[in-house]
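**Student:** how would this look folded up:
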Amino acid sequence: MPTEGSLKSSGSASSQRTQPPIIAFTASAVAVFFFGSTFVPVKKFDVGDGMFFQWVLCFAIWTVGAIVHFIQRSPIFWHLAMVGGFLWATGNIMVVPIVKTIGLALGLLLWASFNMLTGWAISRFGWFGLDPEPVQNPILSYVGVALSVISIIMFLFITTDDQSSQPTEECDQINACERGLRRQPVKADEKRTDNKNDESWVQSLSPLQKKVLGCSLAIIAGILYGSSFVPVLYIKNQGKKNTPGYEGASQNDLDYVPAQCVGIFVASTIYFFIYCVAMNKRGKVYPETIIPGLLSGALLASASCGWSVANRYLTSVVSFPIITAGPGFIAAVWGVLMFKEVKGLKNYVLLIVGFCFILAGSLAIVFSKA
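**Tutor:** Numbers count the residues shown, from 1 in each chain. Okay, the predicted model is just below:
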């Protein structure tokens, strides 16, 4: 007959089993929506080559990281976790060219797919010194990966209406206002030079070159994003085994967010400094993108916090498919309904079917763990 103490223990265990899934899936939903909406605030603004914008975005990420550091009562700062921030920031500098060449919807779908595949492979096979995470049904896991690969191939056949290939009416008005404020006539030669500097390597590409460049950068960015959690997972694994130097390492992913945010801001500052030196006073700074950049950075950092909370209760083999598949759908909805990036019945069919494949693949990977 169970004692009163055992009943309390059983009730407590039942409560713990019920509460973590609610927290985990709520945090996952927040992460999915925020990741998919990250670049919506800045989509209508001219960000030039994106280097100044990404620095502003990363500053906002660092600010949120500092807030999390105080909320978590200043946990141990692991410098190794900053490496993940460096990897993420390196992928992030490719986002603006990706959006300008293949659009927000297709770009995010591609890098989210490779983000998922990279994270799954690292966790499943234990790459980079991590302990491999076993699954109950390996065949189902591999089927999920195959479905995700098929979705990626389908996304490559989607053609996007690149609205950034031509100057927008808003940008023309901004340029006209700036010229009016200077109250200096702009000569034809100067105008041609300004347009050449603004359009440069992205806008001068052919549609095929844009497609190849944008898809290639999206793949690289996805791999970097998927690898950015490796340092944190490595610290946690070593902490579980009480490896010298890692004793007492927190198993709460949220405790590593501040270090990752610092790594992101440091890396972005280094890249921006190199850019300024290389451009030799010809770099483009757009003040009107500061507020949208801060909003985008806050969304990204908040999404990362949600992901970290989900990782606390779900293994990375489960959380990666859920949180990397969802943002593609959110971005596609934004891209189709608001920005009109994807048009035509063929593209709509490819987009919907491709997303169904990646969703089915993600669910297969999740259920293979059960």
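
**Student:** the helices in the stretch 101-250 of the chain, which residues?
**Tutor:** 104-125, 138-155, 169-182, 188-203, 207-227, 230-240 (DSSP state H, counting those that start in this stretch).

**Student:** okay, the angle between the last one and helix 104-125?
**Tutor:** Right, the one you point to is helix 230-240. Put simply, helix 230-240 runs at 30 degrees to helix 104-125, going by axes from the mean of the first three to the mean of the last three C-alpha atoms, to 10 degrees.

**Student:** hang on, the earlier thing: where among the helices of the stretch 101-250 of the chain is average confidence lowest?
**Tutor:** The stretch with the lowest mean pLDDT among the helices of the stretch 101-250 of the chain is helix 169-182, at a mean of 41.

**Student:** can you point out the buried residues in the host helix or strand of residue 346?
**Tutor:** Counting by DSSP states H and E, the element that carries residue 346 is helix 345-369. By 16 or more other C-beta atoms under 10 Å, the buried positions in helix 345-369 come out as 347, 350-351, 354-355, 357-366, 368-369. The way it works is simple: take the backbone N, C-alpha and C, and place the C-beta from them, glycine included.

**Student:** how about stretch 290-300?
**Tutor:** For stretch 290-300, burial by neighbour count (16+ other C-beta under 10 Å) applies to 290, 292-300.

**Student:** which of those residues fall in helices?
**Tutor:** 290, 292-300 (DSSP state H).

**Student:** list just the nearest of those residues to residue 266.
**Tutor:** residue 297 (14.7 Å; C-beta to C-beta).

**Student:** contact partners for the closest one?
**Tutor:** Applying C-beta atoms under 8 Å, 6 or more residues apart in numbering to residue 297 gives the contacts 56-61, 63-64.

**Student:** now these as JSON lines including neighbour count and secondary structure?
**Tutor:** Output for the contacts of residue 297, formatted as JSON lines (neighbours: other C-beta atoms under 10 Å; DSSP: H, G, I helix; E, B strand; the rest coil):
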{"residue": "56", "neighbour count": "24", "secondary structure": "helix"}
{"residue": "57", "neighbour count": "32", "secondary structure": "helix"}
{"residue": "58", "neighbour count": "29", "secondary structure": "helix"}
{"residue": "59", "neighbour count": "17", "secondary structure": "helix"}
{"residue": "60", "neighbour count": "21", "secondary structure": "helix"}
{"residue": "61", "neighbour count": "30", "secondary structure": "helix"}
{"residue": "63", "neighbour count": "16", "secondary structure": "helix"}
{"residue": "64", "neighbour count": "20", "secondary structure": "helix"}
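
**Student:** which one of these is nearest to residue 101?
**Tutor:** residue 57 (19.0 Å).

**Student:** how near is the closest residue to that closest one other than its chain neighbours to residue 140?
**Tutor:** Excluding the flanking residues, the one nearest residue 57 by C-beta to C-beta, 6 or more residues apart in numbering is residue 297, at 4.0 Å. Residue 297 sits 37 Å away from residue 140, going by C-beta to C-beta, to the nearest Å.

**Student:** now residue 320
**Tutor:** On the measure of C-beta to C-beta, residue 320 and residue 140 end up 16 Å apart.

**Student:** neighbour-wise, which of these two wins?
**Tutor:** Set residue 320 next to residue 140 and count neighbours by other C-beta atoms under 10 Å: residue 320 wins out with 29 against 17.

**Student:** please, which helix or strand holds the more buried one?
**Tutor:** helix 316-333.

**Student:** dump the C-alpha coordinates for that helix into CSV.
**Tutor:** Output of helix 316-333 as CSV, limited to C-alpha atoms (Å, rounded to 0.1, in the frame of the first residue of the first chain):
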residue,chain,number,x,y,z
SER,A,316,18.3,18.4,-29.7
VAL,A,317,17.3,15.5,-32.0
VAL,A,318,13.7,16.5,-31.3
SER,A,319,13.9,20.2,-30.9
PHE,A,320,15.9,20.8,-34.0
PRO,A,321,13.3,19.4,-36.4
ILE,A,322,10.4,21.2,-34.7
ILE,A,323,12.0,24.7,-34.5
THR,A,324,13.8,24.7,-37.8
ALA,A,325,10.9,23.4,-39.9
GLY,A,326,8.3,25.8,-38.6
PRO,A,327,9.9,29.2,-39.4
GLY,A,328,10.0,28.3,-43.1
PHE,A,329,6.2,28.1,-43.1
ILE,A,330,5.9,31.4,-41.2
ALA,A,331,8.3,33.2,-43.6
ALA,A,332,6.5,31.7,-46.6
VAL,A,333,3.2,33.1,-45.3
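
**Student:** average pLDDT across that helix?
**Tutor:** 72.

**Student:** by contact count, what packs against it?
**Tutor:** Here helix 316-333 is seen to pack against helix 4-37, helix 104-125, helix 290-313, helix 345-369 when contacts are counted using 3 or more C-beta pairs under 8 Å, 6 or more residues apart in numbering; DSSP states H and E.

**Student:** 10 Å instead?
**Tutor:** For helix 316-333, the packing partners by 3 or more C-beta pairs under 10 Å, 6 or more residues apart in numbering; DSSP states H and E come out as helix 4-37, helix 104-125, helix 138-155, helix 207-227, helix 230-240, helix 290-313, helix 345-369.
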